[in-house]
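Colleague: Below is the sequence, then the predicted model.
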Amino acid sequence: MKKMLVTQALVDRILDLIIKNTPFPMDSIYAEIQDDFQSLFISISVDDFPQGELEASFKLVGQILNQEVPVRNDSYSWVVAFKRAGEIVDSCFGGNLSAPSWGV
């Protein structure tokens, strides 16, 4: 079995950093450990925020994840989807040594 890259303790630390450093409250964030503990998916509802005010916060979320989530060789170790009215309006991903991060 592969070493766990994403643990619940890591998820808790990331959520705490996002809540403290962005305008997104806890009830707008959903996090799920995927791929046998090798990746993290986060969905953030942005329904309560004007689109023009969000770009800096999107980048900050990506920067937090780039700093906190370990990387892997052949796939991304994290993905974030920003949703408005249930539809994805933006996303970013990173943690793949074979490809650059996108959106951060």
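Modeller: Received, thanks. All figures in this text were calculated on a predicted structure; none of them were measured in a lab. Numbering: from 1, shown residues only.

Colleague: who touches the closest residue to G95 other than its chain neighbours in this structure?
Modeller: Residue nearest to G95 in three dimensions, not counting chain neighbours: S77, with 3.0 Å by CB to CB, 6 or more residues apart in numbering. C-beta here means a position set from N, CA and C on the backbone, and glycine is covered the same way. Going by CB atoms under 8 Å, 6 or more residues apart in numbering, S77 touches 5-6, 38-40, 69-71, 94-96.

Colleague: From those, which land in strands?
Modeller: 39-40, 94 (DSSP state E).

Colleague: Run a quick neighbour tally on the nearest residue to F49 once chain neighbours are set aside.
Modeller: Leaving aside its sequence neighbours, F49 sits nearest to P23 (CB to CB, 6+ apart; 6.6 Å). Residue neighbour count, defined by other CB atoms under 10 Å, stands at 15 for P23.

Colleague: Hmm, P23 is touching P50, no?
Modeller: No: the criterion here is CB atoms under 8 Å, and P23 misses it with P50 at 10.8 Å.

Colleague: hey, what's the spatially most central residue of the chain bridged with?
Modeller: Nearest residue to the geometric centre of the chain (CA atoms, centre = their mean): V80, 3.9 Å. Assessed by DSSP bridges, V80 has beta-bridge partners I42, C92.

Colleague: That one and I88 touch, don't they?
Modeller: No: contact between V80 and I88 fails when scored by CB under 8 Å: they sit 10.1 Å apart.

Colleague: distance between stretch 70-85 and the chain's centre?
Modeller: Relative to its chain's centre, stretch 70-85 lies at 6 Å (CA atoms, centre = their mean, to the nearest Å).
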